[in-house]
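I'd like to go over a predicted model; first the sequence, then the structure.
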Amino acid sequence: MRKPNRRSKGGFTLMEVTLGCALLSVVAYKAHGAMRSASDGLDQETQRAFIEDQARRVLRQVGFAIMGSNRESLLPSSTAPSSTNDLTYRVNLGIQDGAVVWSDLNKVAMDPEALRVFHATNPGDTDEQRVYWTNLVAPYLEGEIPNGMDDNGNGLIDETGLSFAINGNSVTIFLTLQRLMDDGTSFVDTVSTVVTCRNLGEE
């Protein structure tokens, strides 16, 4: 009589277990790589969206501030190809006894050392008050380097990350924000707009 095959009652051989572990390791490694790649891509999109959103928000804040100003109070009065990274101005608060009432001096500017954009009331005085709108402003506008030339073709020379150029009652505002990541990745967004000073009466 033929004896039954004892091997059918046994488990996996050592070779089979080793091969299975190796295959599982390869699958796990590839799955981890795919998940990490997807995570990195999502993080980059998040950072890019953050910079774009902040650039547009700050541009709106700067634009609204300048729109409410009196054109004759804008200093310095920089016209293309020159530009400035700060503007001081006054706002019409209304009429009292037949005369225009003007606000205290206001200022919107870029701090070139701290790379911040801020709004200040009574700039330079002991009671100056500042509100910082962003700390991600670039040293120079995208595509521009300090060489006395118009490198980015916008009609201005050596403009900084926040720049103003005045043309009549209109002010062109340029803004470049950038964020540098630990891995060397850089996210940059440049926006611009033209606003018209609404308060044109004399001080």
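Thanks, I have it.

From here on, just use CA atoms for contacts and neighbour counts.
Fine.

Strands of this structure, start to end?
Per DSSP state E, the chain carries strands over the ranges 86-89, 92-96, 99-102, 106-111, 116-121, 129-134, 162-167, 170-180, 186-196.

quick one, the fourth one and strand 116-121 angle?
Using axes from the mean of the first three to the mean of the last three Cα atoms, to 10 degrees, one finds that strand 106-111 and strand 116-121 are set 160 degrees apart in direction.

Also the last one?
For the pair strand 186-196 and strand 116-121, the angle between their directions (the same axes, to 10 degrees) equals 30 degrees.

buried residues in strand 186-196?
187-192, 195-196 (16 or more other Cα atoms under 10 Å).

Give me the residue at the spatial middle of this structure.
L177 (3.1 Å; Cα atoms, centre = their mean).

residue contacts, it?
51, 55, 136-138, 161, 188-190 (Cα atoms under 8 Å, 6 or more residues apart in numbering).

per-residue pLDDT, the closest residue to V108 other than its chain neighbours?
Closest residue to V108 in three dimensions, ignoring its sequence neighbours and counting by Cα to Cα, 6 or more residues apart in numbering: H119, at 4.6 Å. pLDDT, H119: 96.

Now do H119 against L180, distance only.
Distance, H119 to L180, using Cα to Cα, to the nearest Å: 24 Å.

how far away is the closest residue to N92 other than its chain neighbours from N70?
The shortest distance from N92 to any non-neighbouring residue, by Cα to Cα, 6+ apart, is to W102 (4.8 Å). Per Cα to Cα, W102 is found 9 Å from N70.

doesn't L175 make contact with S192?
Yes - with contact defined as Cα atoms under 8 Å, S192 reaches L175; the gap is 6.1 Å.

which residues are in contact with both of these two?
Residues touching both S192 and L175 by Cα under 8 Å, 6+ apart: L59.

in the chain, what secondary structure element scores lowest on mean pLDDT?
When each helix and strand of the chain is scored by mean pLDDT, DSSP states H and E, helix 14-67 comes last, with a mean of 77.

what does stretch 100-116 rub up against?
By Cα under 8 Å, 6+ apart, stretch 100-116 touches 62, 65, 85-95, 117-123, 132-139, 161-162, 203.

count of residues packed around E142?
If you count neighbours by other Cα atoms under 10 Å, E142 ends up with 21.

wait, isn't it in contact with N152?
Yes - counting by Cα under 8 Å, E142 does reach N152; the two are 7.4 Å apart.

between the two, what contacts are shared?
Residues touching both E142 and N152 (Cα under 8 Å, 6+ apart): none.

quick one: which of H119 and L180 has more around it?
Neighbours per residue, other Cα under 10 Å: of H119 and L180, the larger number sits with H119, 21 against 11.

if we can go back for a sec, shared neighbours, W102 and N70?
By Cα under 8 Å, 6+ apart, the residues touching both W102 and N70 are 90-92.

What pLDDT is listed against E128?
So, for E128, pLDDT stands at 94.

what's near enough to touch it?
120-122.

Ranking by neighbours, what's the top pick from those residues?
T121 (20 neighbours).

Excluding chain neighbours, what is closest to that residue?
Nearest non-adjacent residue to T121 (Cα to Cα, 6+ apart): N106, at 4.5 Å.
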